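Trainee: would you be able to build a 3D model of this:
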Amino acid sequence: MVMVKRLVLSFIATDKPGVVERITEAVADAGGNWLESRMAHLAEKFAGVARVTVPDDKAAGLESALSALNEDGFQMVVETVGELTEQEGRVLVLDFVGPDHPGILHEVSSCLAERGVSVENMKTELEEAPMGGGRLFHAKGRVRVPESADNTALRDALEELAGALMVDISLDPDA
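Mentor: Predicted coordinates for the structure are as follows:
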């Protein structure tokens, strides 16, 4: 059996055609396997994070090839990770939207962290409010709530925060 090394890559580069191809080429040339990723165009940059595996005997070569991309304007970070472990807790969908203002995501993430809730994934964006009412901050994602957490207390805390921030927050079971 071939032993493999598990890596998480994070990268950012000026957005232009071929950015993803350069990274995937390095992984493929090393005999690696691209397992999952999240990538996005943000302002003038292209950023992403990916999970890959590579045969142990090819890992150093892959890491070297990825590091060489830094000379071409990439900012690349390669981290070795262990086996996937089953996460404990309930997964819920968090969705909130409200008038944009500095600190809104910090307030919500602080409320979650104080209760041991971790963010599994989240997408945030600004959108125009209906009827020219300014801009709305919208976030939606999956959060993992510890089995020991009191759902009622979590919902109460989020509702109190929603009132203070003037946002709509929902926390529902993952469908």
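Trainee: so which elements touch the lengthiest helix in the chain?
Mentor: Counting by DSSP state H, the longest helix found in the chain is helix 151-165. Contact here means 3 or more Cβ pairs under 8 Å, 6 or more residues apart in numbering; DSSP states H and E; on that basis helix 151-165 packs against strand 90-99, helix 104-114, strand 168-173. (C-beta placed from N, C-alpha, C; glycine too.)
Trainee: state the mean pLDDT of it.
Mentor: Helix 151-165 comes out with an average pLDDT of 93.
Trainee: next, the buried residues of it.
Mentor: 154, 158, 161-162, 165 (16 or more other Cβ atoms under 10 Å).
Trainee: go on, stretch 111-125?
Mentor: Applying a neighbour-count criterion of 16+ other Cβ under 10 Å, one finds 111-112, 117, 120 buried in stretch 111-125.
Trainee: and it, end to end?
Mentor: Using Cα to Cα, to the nearest Å, the end-to-end distance of stretch 111-125 comes to 20 Å.
Trainee: stretch 109-124 too?
Mentor: Stretch 109-124 has an end-to-end distance of 12 Å (criterion: Cα to Cα).
Trainee: kindly report the same for stretch 105-123.
Mentor: 11 Å.
Trainee: stretch 64-75 too?
Mentor: Across stretch 64-75, first to last residue, Cα to Cα, it's 14 Å.
Trainee: can you classify the residue nearest the centre of the chain as helix, strand or coil?
Mentor: Closest residue to the average C-alpha location of the chain: Asn121 at 4.9 Å, with Cα atoms, centre = their mean. At Asn121 the chain is in strand, as set by DSSP: H, G, I helix; E, B strand; the rest coil.
Trainee: then Leu62?
Mentor: Applying three-state DSSP to Leu62 yields a three-state assignment of helix.
Trainee: that older thread, out of the buried residues of helix 151-165, who's nearest His101?
Mentor: Of all the buried residues of helix 151-165, Leu165 has the smallest distance to His101: 8.0 Å, by Cβ to Cβ.
Trainee: Leu171 versus the closest one, what's the distance?
Mentor: Using Cβ to Cβ, to the nearest Å, we find Leu165 at a distance of 15 Å from Leu171.
Trainee: turn the buried residues of helix 151-165 into CSV, including distance to Leu9.
Mentor: Shown next, in CSV, are the buried residues of helix 151-165 (distance: Cβ to Cβ, whole Å):
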residue, distance to Leu9
Leu154, 34
Leu158, 34
Leu161, 35
Ala162, 36
Leu165, 35
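Trainee: the residue nearest to the centre of the chain and Ala28, how far apart?
Mentor: Where Ala28 is concerned, Asn121 sits at a distance of 26 Å (Cβ to Cβ).
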